[in-house]
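Colleague: Sequence and predicted structure below; questions after.
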Amino acid sequence: MSFVAANRAVPLRRQLWADGLLAVVTLIWGSTFVLVKDVVEQVPVLPFLALRFAIGAGVLFVAVLLLNRWRGLTMRELLWGTVTGTALGVGYALQTLGLQDASTSASKAGFITGLSVVIVPLLSFVVLRQRLGKWTLAGVVLATTGLALLSLRLDAGTQVTGGDLLVLGCAFAFAVHILLVAHASGWANPPRITAVQVTVAGLLCALGAAALGQRVPGMSQEVLASAAFLGVAATALAFLVQVSVQRFTTAAHTALIFTLEPVFAAIFGIWLHNDVLGINGWIGAGLILTSMLVTELLPYLAKRQSRM
């Protein structure tokens, strides 16, 4: 497999539109944290994830059939859909296994998962040969600092546990997923390859549930409704948008934008669960938002200034 940057010489306005749509995706994902937190108290995580991905895959397959997009499906799309789906499924599985460690809190797991914002630019430089611009580098530093302040309880220490290492593996898997999509989005048919990758991710979650002996005797209407929303909005729609627009931006930009997810999760937590965000959390959220302005607005203004 050869990797090439799929987004060279993209007009800045188009990149801004792509980044904006990816930010909407993170808004959707951030809004699901409260929902998922309530659901996983009722059912095991991996079977629920398998159901979520199955619903998402079903929606995507119906869309592909209605749009008559199966014609022209290639072995290359099947291969890359399988590879991207594997990275996605492995990421979710490692994150779930890590969270089962009592010493790995959800907030710490959120921070470690967000470290993909650092991993992606490094891998992009090595694999995609994409240089890290000064604005992106500044954004990565700001976003990583913001993630630490938003997610970690720095006064409680930073001891590394086995669960933390599993979640770190999740961060690598998600970083690889972003890089794979960066390559495939340049040539693949978005609905087809998204349907394949979501199906593969669902199968991996189902196999993981079977391996761990996780069974669900029955699901309430609330759980099924939650799975339907997550499957349609946070899976089928979200990943289809990512595959469709990531060709117009860089992998590093994508990872940076995805750091908005814990910010949106915190906002919805405050709104729906009356969560409390301390001073460090507010500063962290502010730094993440600032990183967006640094990487999106400043290059645009600098370009306009150079034309005057």
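Modeller: Nice, I can see it.

Colleague: Helices of the stretch 101-250 of the chain, start to end?
Modeller: Assigned by DSSP state H, counting those that start in this stretch, the stretch 101-250 of the chain shows helices spanning 106-114, 116-123, 134-151, 162-184, 190-211, 221-229, 238-245.

Colleague: now the angle between helix 116-123 and the third one, please.
Modeller: Think helix 134-151. 150 degrees (axes from the mean of the first three to the mean of the last three CA atoms, to 10 degrees).

Colleague: which strands and helices sit next to helix 134-151?
Modeller: Helices and strands touching helix 134-151, by 3 or more CB pairs under 8 Å, 6 or more residues apart in numbering; DSSP states H and E, are helix 106-114, helix 116-123, helix 251-258, helix 260-273, helix 279-307. In short, each C-beta sits where N, CA and C put it, glycine included.

Colleague: hmm, 6 Å instead?
Modeller: Helices and strands touching helix 134-151, as assessed by 3 or more CB pairs under 6 Å, 6 or more residues apart in numbering; DSSP states H and E, comprise helix 106-114, helix 116-123, helix 251-258, helix 279-307.

Colleague: coming back round to it: distance to residue 60 and mean pLDDT for the helices of the stretch 101-250 of the chain - can I get that in a markdown table?
Modeller: What follows is the helices of the stretch 101-250 of the chain, written out as a markdown table (distance: least, CB to CB, whole Å; pLDDT from 0 to 100):
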| stretch | distance to residue 60 | mean pLDDT |
| --- | --- | --- |
| helix 106-114 | 24 | 70 |
| helix 116-123 | 24 | 82 |
| helix 134-151 | 30 | 77 |
| helix 162-184 | 15 | 87 |
| helix 190-211 | 4 | 93 |
| helix 221-229 | 14 | 89 |
| helix 238-245 | 7 | 94 |
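
Colleague: Select, out of those, the one closest to residue 98.
Modeller: Evaluated with CB to CB, the helices of the stretch 101-250 of the chain place helix 162-184 nearest to residue 98, the distance being 3.6 Å.

Colleague: Report the buried residues of the closest one.
Modeller: 163-164, 166-184 (16 or more other CB atoms under 10 Å).

Colleague: what number of residues lie near residue 192?
Modeller: 24 (other CB atoms under 10 Å).

Colleague: Next: residue 65.
Modeller: Neighbours of residue 65 (other CB under 10 Å): 12.

Colleague: Figure out the helix or strand that it lives in.
Modeller: helix 45-66 (DSSP states H and E).

Colleague: Run through the neighbouring helices and strands of the helix or strand just after that helix.
Modeller: Going down the chain from helix 45-66, the next helix or strand is helix 75-99, by DSSP H and E. If contacts are counted by 3+ CB pairs under 6 Å, 6+ apart, helix 75-99 sits against helix 162-184, helix 190-211.

Colleague: Just give me how far helix 75-99 sits from the chain centre.
Modeller: Put simply, helix 75-99 sits 12 Å off its chain's centre (CA atoms, centre = their mean, to the nearest Å).

Colleague: how about it: buried residues?
Modeller: 77, 80-99.

Colleague: these two touch, right, residue 147 and residue 114?
Modeller: Yes: between residue 147 and residue 114 there is a contact at 4.4 Å, judged by CB atoms under 6 Å.

Colleague: measure the residue most central in space within the chain to residue 100 for me?
Modeller: Nearest to the geometric centre of the chain sits residue 258, at 6.1 Å (CA atoms, centre = their mean). Noted for residue 258: a distance of 24 Å to residue 100, by CB to CB, to the nearest Å.

Colleague: CA atoms only for the helix holding residue 65, dumped as CSV, please.
Modeller: Extracted in CSV, the C-alpha atoms of helix 45-66 (Å, rounded to 0.1, in the frame of the first residue of the first chain):
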residue,chain,number,x,y,z
VAL,A,45,-20.4,-1.8,26.0
LEU,A,46,-19.1,-4.0,23.1
PRO,A,47,-22.5,-5.5,22.2
PHE,A,48,-24.0,-2.0,22.3
LEU,A,49,-21.2,-0.8,20.0
ALA,A,50,-21.8,-3.7,17.7
LEU,A,51,-25.5,-2.8,17.5
ARG,A,52,-24.7,0.9,16.9
PHE,A,53,-22.3,0.0,14.0
ALA,A,54,-24.8,-2.5,12.6
ILE,A,55,-27.5,0.2,12.4
GLY,A,56,-25.0,2.6,10.9
ALA,A,57,-24.0,0.0,8.3
GLY,A,58,-27.6,-0.7,7.5
VAL,A,59,-28.3,3.0,6.8
LEU,A,60,-25.2,3.3,4.6
PHE,A,61,-26.1,0.2,2.6
VAL,A,62,-29.6,1.4,2.0
ALA,A,63,-28.2,4.8,0.9
VAL,A,64,-25.7,3.1,-1.4
LEU,A,65,-28.5,1.0,-2.9
LEU,A,66,-30.9,4.0,-3.4
